[in-house]
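S.K.: predicted model, plus sequence, below.
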There are 2 protein chains.
Amino acid sequence: MSDLKPKRGRPASIDADAAMDIMVELFRNKGFAAVSLDDLSSATGLSRPSLYRAFGNKVQMYVGAMDAFGVQVAKEAAPKLFETDDVQVSLTRFFDAMLEIYFRDSEVTPGCLVFGTAPSAAEEAAVQERLQFGIEQTDNLMRSRFKQSAPNSDADQIQIAVELASNTLIAFSARAKGGASRAELSEVGANGARAIATVLAQP
Amino acid sequence: MSDLKPKRGRPASIDADAAMDIMVELFRNKGFAAVSLDDLSSATGLSRPSLYRAFGNKVQMYVGAMDAFGVQVAKEAAPKLFETDDVQVSLTRFFDAMLEIYFRDSEVTPGCLVFGTAPSAAEEAAVQERLQFGIEQTDNLMRSRFKQSAPNSDADQIQIAVELASNTLIAFSARAKGGASRAELSEVGANGARAIATVLAQP
DNA sequence: GTAATTTCGTACCGTTTCGTACATTTATAA
DNA sequence: TTATAAATGTACGAAACGGTACGAAATTAC
């Protein structure tokens, strides 16, 4: 359904997807409150009313960015988990793929849009909801990966591994905002993957 | 050095320590940007100029709260790590002591002032600096505890355990803001402690 | 061409924000 | 009593904020 029906009035001349990508970058770097609508307007080249027409109010823009960020992660990083049988290797690669996103276009204040900036905006119900969803998604992703690799492990052991993996990923953002380099975090990820493999291999 | 020298002018009628405790609670719940000076003023009962005289501008108030929070953690939770020889037990108790702080006076939006809200304010150099310091302190605290308990372990293994422990603690905030209950987080902490003990016991 | 319809940005509004000048109050020193 | 010094809050200012009314522009339908 592209332009089979030429609409009636003036044709839209803005690229909402491109604008959303820019909004994701801004919110991911500075968080919700520190980004003003004027910041978003000048960064996207869209007027403030255009932003409202396309995305709603500021909270809706932010939660839209959270959703777009989730899609980005699902497309770009999650598949890395299932490219190899070796749990430790695939976890390490997944963590690196996430770091690629976290550090993209932002050597200054890298981090995760969801785990890094949403906690400070969780007063908003819609944000809190999506933060919860993001954590659940991560846990579930890890669980499915570990079950595949160790179908006979007991549930407790898998649950512990799941939490270790998610906690490692969540901690990346705080460490990055604290000044940790991408290389340091990659090492933290590799160490976490190693520990998780150890736990899963436990009798 | 209390009041041996009665000062010259009007005596101060403000309890700066009590006010700072209230500021810590506010910032810990809502983060830096979402708390206005009027919020701080009405919560503490101090006029805005009084806050400025006592603590400086808003950023200085926030970093002051970060420092006060660090003292609170050092006094209240850190000692739990050294009360027992058993690493798993002392880690579990330490995590629970941190959760006690995170959930204190805030059933609504619990979490850590440093790991939970500072990442979104890390553009400010003073905040970024203290966030880094807080992470280093946590890592160092864990390292000293694990070295005490396993003096013959190799450094790599201890480093992995250190990162697992800090990552678990850091992840508490995001999970709490996402809606996880204190009981659920206590379980996450216990699971983390168990995994860390496993890693440290590895040959 | 004219009307209808949709998009777009200027220009504006009311509110909230951080920060401070200044007069007032309360104490000591002379 | 008078001068000095420190603390306190009222009251103000300037700027930034989120959000919108409205007219201009661009297209299709008739």
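M.R.: Received, thanks. What you see is a predicted model, and the numbers here were worked out from it, not measured in a lab.
S.K.: switch to C-alpha atoms for all contacts and neighbour counts from now on
M.R.: OK.
S.K.: and the pLDDT at A:Thr6?
M.R.: One thing to correct before we go on: residue A:6 is Pro, not Thr. Predicted confidence (pLDDT) at A:Pro6: the value is 63.
S.K.: equivalent analysis for A:Met1, please.
M.R.: 43.
S.K.: in chain A, what spans have low per-residue confidence?
M.R.: For chain A, applying pLDDT under 70 flags the ranges A:1-6, A:107.
S.K.: and it, which residues reach chain B?
M.R.: A:30-31, A:33-34, A:109, A:115-117, A:119-123, A:128-132, A:135, A:160, A:163-164, A:167-168, A:170-171, A:173-175, A:177-179, A:188, A:191-192, A:195, A:198-199 (CA under 8 Å from any CA of the partner chain).
S.K.: out of those residues, which are inside helices?
M.R.: A:30, A:128-132, A:135, A:160, A:163-164, A:167-168, A:170-171, A:173-175, A:177, A:188, A:191-192, A:195, A:198-199 (DSSP state H).
S.K.: filter these down to the buried ones.
M.R.: Taking 16 or more other CA atoms under 10 Å in any protein chain shown as the criterion, what is buried in those is A:30, A:128, A:130-132, A:135, A:160, A:163-164, A:167-168, A:170-171, A:173-175, A:177, A:188, A:191-192, A:195, A:198-199.
S.K.: quick one: residues contacting A:Phe27.
M.R.: A:Val35, A:Tyr62, A:Ala65, A:Leu113, A:Thr117 (CA atoms under 8 Å, 6 or more residues apart in numbering or on different chains).
S.K.: A:Gln157: how many residues sit nearby?
M.R.: 18 (other CA atoms under 10 Å in any protein chain shown).
S.K.: that one and A:Leu200 touch, don't they?
M.R.: Yes - the criterion here is CA atoms under 8 Å, and A:Gln157 meets it with A:Leu200 at 6.6 Å.
S.K.: out of the contacts of A:Phe27, who's nearest B:Thr44?
M.R.: A:Thr117 (27.1 Å; CA to CA).
S.K.: the closest one: how many residues sit nearby?
M.R.: Neighbours around A:Thr117, by other CA under 10 Å: 28.
S.K.: in contact with the closest residue in space to it that isn't next to it in sequence, which residues?
M.R.: Leaving aside its sequence neighbours, A:Thr117 sits nearest to A:Gly31 (CA to CA, 6 or more residues apart in numbering or on different chains; 4.8 Å). By CA under 8 Å, 6+ apart, A:Gly31 lies in contact with A:Leu113, A:Gly116, A:Thr117, A:Ala118, A:Ser120, B:Ser120, B:Ala121.
S.K.: give me the subset of those touching DNA strand C.
M.R.: Here nothing survives when the contacts of A:Gly31 are matched to DNA strand C using CA under 7 Å from any atom of the strand.
S.K.: identify all contacting residues around stretch A:175-182.
M.R.: So stretch A:175-182 is contacted by A:99, A:103, A:109-111, A:185, B:119, B:122, B:128-132, B:135 (CA under 8 Å, 6+ apart).
S.K.: look at it and report the distance between its end residues.
M.R.: 10 Å (CA to CA, to the nearest Å).
S.K.: close to DNA strand D: what parts of chain A are there?
M.R.: Counting by CA under 7 Å from any atom of the strand, the residues of chain A that sit close to DNA strand D are A:6-11, A:33, A:35-38, A:48-49, A:52, A:57-59.
S.K.: tell me the spacing between the residue nearest to A:Ala122 when sequence neighbours are not counted and A:Gln137.
M.R.: Spatial nearest neighbour of A:Ala122, chain neighbours left out: A:Gln128 (4.5 Å); criterion: CA to CA, 6+ apart. Applying CA to CA, the value for A:Gln128 to A:Gln137 is 14 Å.
S.K.: ok, now A:Gly56?
M.R.: From A:Gly56 over to A:Gln137 (counting by CA to CA), the distance is 26 Å.
S.K.: which SSE is A:Met98 in?
M.R.: helix A:87-103 (DSSP states H and E).
S.K.: touching that helix from outside, list them.
M.R.: So helix A:87-103 is contacted by A:73, A:76-84, A:110-112, A:146, A:149, A:169, A:173, A:182, A:185-186, A:189-190, A:193-194, A:196-197 (CA under 8 Å, 6+ apart).
S.K.: which of these are buried? Put it as a PyMOL command.
M.R.: Applying 16+ other CA under 10 Å to these, the buried members can be selected in PyMOL as follows:
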select buried, chain A and resi 77+78+80+81+82+110+111+112+146+149+169+173+182+185+186+189+190+193+194+196+197
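S.K.: and DNA strand C, which of the contacts of helix A:87-103 contact it?
M.R.: Answer for the contacts of helix A:87-103 near DNA strand C: none qualify (CA under 7 Å from any atom of the strand).
S.K.: re earlier: buried ones among the residues of chain A next to DNA strand D?
M.R.: For the residues of chain A next to DNA strand D, buried by 16+ other CA under 10 Å: A:Ala33, A:Val35, A:Leu37, A:Arg48, A:Lys58, A:Val59.
S.K.: what's the farthest-apart pair in those residues?
M.R.: A:Ala33 and A:Arg48 (16.6 Å).
S.K.: take the residues of chain A next to DNA strand D and keep only those in helices.
M.R.: A:Leu37, A:Asp38, A:Arg48, A:Pro49, A:Tyr52, A:Lys58, A:Val59.
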